[in-house]
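Chemist: Next comes the sequence, and after it the predicted model I'd like to discuss.
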Protein chains: 2
Amino acid sequence: MQRHREDPLAAVTLRQLRYFSVLSKSLQYRNAARQLGISQPSLSLQINALEEALGTRLAERRRSGLILTPEGREVAAQAEKILQDVEKLQRISGPSENSLTGTLRLGSSPTIGPYLLPRVLRQLHTAYPDLKLVIRDGTPRDMIEDLLAGKHDLVLTQLPIARDDICHKFLFREPLHLAVPREHALAGRDHVKKTDLAGENLISLNSSYMLSRQVSELCAASGARLRDDFEGTSLDALRQMVSLGMGMTLLPALYAGSEVKPGEGDVAITQMKPGLYRQAGLAWRQSSGTPASFLKLAEFIRGVVANEFAGKVYL
Amino acid sequence: MQRHREDPLAAVTLRQLRYFSVLSKSLQYRNAARQLGISQPSLSLQINALEEALGTRLAERRRSGLILTPEGREVAAQAEKILQDVEKLQRISGPSENSLTGTLRLGSSPTIGPYLLPRVLRQLHTAYPDLKLVIRDGTPRDMIEDLLAGKHDLVLTQLPIARDDICHKFLFREPLHLAVPREHALAGRDHVKKTDLAGENLISLNSSYMLSRQVSELCAASGARLRDDFEGTSLDALRQMVSLGMGMTLLPALYAGSEVKPGEGDVAITQMKPGLYRQAGLAWRQSSGTPASFLKLAEFIRGVVANEFAGKVYL
DNA sequence: AAAGAAAGATAGGTTTTTCCTATGCAGCGA
DNA sequence: TCGCTGCATAGGAAAAACCTATCTTTCTTT
């Protein structure tokens, strides 16, 4: 009994497929070899190797033209497909010179993303239809961790980031406004100074969020009291706590602008004077290098912000 | 300005893709190298070569686990697809041990195929759904030519074939019956001897068909006259010429059985005594070797013939 | 029918690629 | 801070691929 199974030692090679592809079109060794820029014996050997690797004869060699076997025809077709896929492979990195393509995994802070990304995504999809963004929310602290663990390519978060293994690009500066219960004395004020807050209760997000630190600092600077018995887990929760009279807090301008109607509801928004701000940025691992796509995305976001939120935030 | 384009000299290799595929799952060089049965430096070099070939960094190397870049993820996915397609490639020849698959190009004689193939194809499709037959008709003479030119893999034709560059497998022996005009004196006879034909007119297909030679021989042996002023181009044409009283002819049993109703029409079918026969067979190029699939197909056809045409033809 | 031409196969030796062992270098944990 | 882990680098050996030259067979030509 002769063995029908091919030797598992010999593996198919792309070179073999490339050669066979040309041969299957030219149907002539010498011709195909010339096209390939190699000698006829080299081609011959590679085709033999392919036949051995596949365990099948692919062509009948005859003086006048060669004839593909039925298997040879199928192999040729499949090889064509494979070679095309390999070309696609080489194009993955290539012509992204002018466009963003592929999939980026973006971590997004719940205090920024929900009020910024919807508009960004809409325009992004129009401008770069081949770009896919996978967005996952998380607290800034978790996101930095996940970024370093490789779960994100980028994170949209608040600056500053004081780590030397993380790069970032500044996106915009966003005012923080004071949110007070509507019945509170400060509710009607045109603006509020820090000293106005002495003795007041301030509430904030939990310490995973950078906003919490800014509230703490405001307390320290103004003599307000930080209520550490309640911690909001979202800006919405914070707003509701304010509306229930549990204290006042700082809310980012984008959130306040989209979720709190002036003159309506139980919460009033008041400007601080001098202004308080937070910065938003796009961050990535130092070890990612600084891919053009990251910078491009950052610029795009800045462009959207400039158009959509002009006057509310500052570039 | 640094060059962004990759060196066209370095081509992607399947080996690189295989290695990268494992690496992208293991996310660890040492581990992946061990899985692959190679040393870690070898893996390292191959991955570097792949990155160079693609002109992109595929992964961030870090001490604790490595992180694929966005391009790396896409390359990994595409590589996976390619590797699967390569496996498919290797399966083209492989497990056809028990089944016929792929596409066979079958040339078919118009005097045999139309009366045999319909039933064969139906059963064939049931038994081997993955087998595709591309069938083209042609005169036996043309078909032999096309077979040698590589336009067919197999031909279904009449035997004998007296060429040493063509192999064949006998399929069945088919009686040739005499077709006479209904008003002819021989029409009512139970059987006819050669000597009964002396002086009669015989008509036949053109000389591309082997049937024509058998008619000629019959003329020579019986003293009948071969009308060479008319040549049928199909069995149907032949039958009609008979019905018009232009002469008599030989018709294969399968054709006569399916196209000429006994006791109806203007043509009567009569047995010859002693019988005349022709042989049908499946033929292929000597240089094709003798693929198992060819023999298998031949056996299958014989099986169908045995079931469907028992008593009409002989195995 | 015999000589010539053409096409693929084979052989021998060289160049290129791949691989392995050994070693270097940088984070990470104790 | 020391050692451990993990990838990168270097150098030499093994394997693969290639080329030139030659052979064999077949198809063509005379």
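Modeler: Looks like it came in fine.

Chemist: Now do the contacts for residue A:124.
Modeler: Contacts for residue A:124 were tallied using C-beta atoms under 8 Å, 6 or more residues apart in numbering or on different chains; they are A:131, A:133, A:300, A:304. C-betas here are computed from N, CA, C, even on glycine.

Chemist: quick one: what helix or strand has it in it?
Modeler: Element membership for residue A:124, per DSSP states H and E: helix A:113-127.

Chemist: just for the stretch 101-250 of chain A, where's the confidence low?
Modeler: Low-confidence segments of the stretch 101-250 of chain A (pLDDT under 70): A:186, A:215, A:218.

Chemist: contacts with chain B among the contacts of residue A:124, please.
Modeler: Filtering the contacts of residue A:124 for proximity to chain B by C-beta under 8 Å from any C-beta of the partner chain leaves nothing.

Chemist: which is the next helix or strand following the helix holding residue A:124?
Modeler: strand A:131-137.

Chemist: Now do that following strand against helix A:113-127, angle only.
Modeler: Counting by axes from the mean of the first three to the mean of the last three C-alpha atoms, to 10 degrees, strand A:131-137 lies at 170 degrees to helix A:113-127.

Chemist: what comes up buried for strand A:131-137?
Modeler: Within strand A:131-137, the residues that count as buried by 16 or more other C-beta atoms under 10 Å in any protein chain shown are A:131, A:133, A:137.

Chemist: elements contacting the very next helix or strand once past it?
Modeler: Beyond strand A:131-137 on the C-terminal side, the first helix or strand identified by DSSP H and E is helix A:140-149. Packed against helix A:140-149, as judged by 3 or more C-beta pairs under 8 Å, 6 or more residues apart in numbering or on different chains; DSSP states H and E, are the following elements: strand A:102-108, strand A:154-159, strand A:166-181, strand A:276-285.

Chemist: Going by residue numbers, what spans are strands in chain A?
Modeler: A:59-60, A:67-68, A:102-108, A:131-137, A:154-159, A:166-181, A:191-192, A:201-205, A:225-232, A:249-252, A:267-272, A:276-285 (DSSP state E).

Chemist: what about the longest helix that chain A contains, near DNA strand C?
Modeler: The longest helix of chain A (DSSP state H) is helix A:70-93. No. Judged by C-beta under 7 Å from any atom of the strand, helix A:70-93 and DNA strand C are separated, with a smallest distance of 12.6 Å.

Chemist: what's the angle from that helix to strand A:102-108?
Modeler: Using the same axes, to 10 degrees: helix A:70-93 against strand A:102-108 is 40 degrees.

Chemist: Give the other helices and strands that helix A:70-93 contacts.
Modeler: With contacts taken as 3+ C-beta pairs under 8 Å, 6+ apart, helix A:70-93 sits against helix A:14-26, helix A:40-54, helix B:40-54, helix B:70-93, strand B:102-108.

Chemist: need the residues of the stretch 101-250 of chain A near chain B, please.
Modeler: In this structure, the stretch 101-250 of chain A approaches chain B at residues A:102, A:103, A:104, A:105, A:150, A:153, judged by C-beta under 8 Å from any C-beta.

Chemist: Would you map out the domains in chain A?
Modeler: For chain A, automatic domain parsing gives the domain ranges A:14-92, A:102-171+A:280-308, A:175-278.

Chemist: Which of the ones you listed sits closest to residue B:47?
Modeler: With C-beta to C-beta, the closest approach to residue B:47 among the domains of chain A belongs to domain A:14-92: 14.4 Å.

Chemist: Does at least one residue of the closest one sit close to DNA strand D?
Modeler: Yes. Residues of domain A:14-92 contacting DNA strand D under C-beta under 7 Å from any atom of the strand: A:15, A:37-42, A:45-46, A:49, A:62-64.

Chemist: Just among these, which is most surrounded?
Modeler: The most crowded member of these, judged by other C-beta atoms under 10 Å in any protein chain shown, is residue A:46 (21 neighbours).

Chemist: I'd say it and residue A:12 touch.
Modeler: No. With contact defined as C-beta atoms under 8 Å, residue A:46 does not count as touching residue A:12 (11.0 Å).
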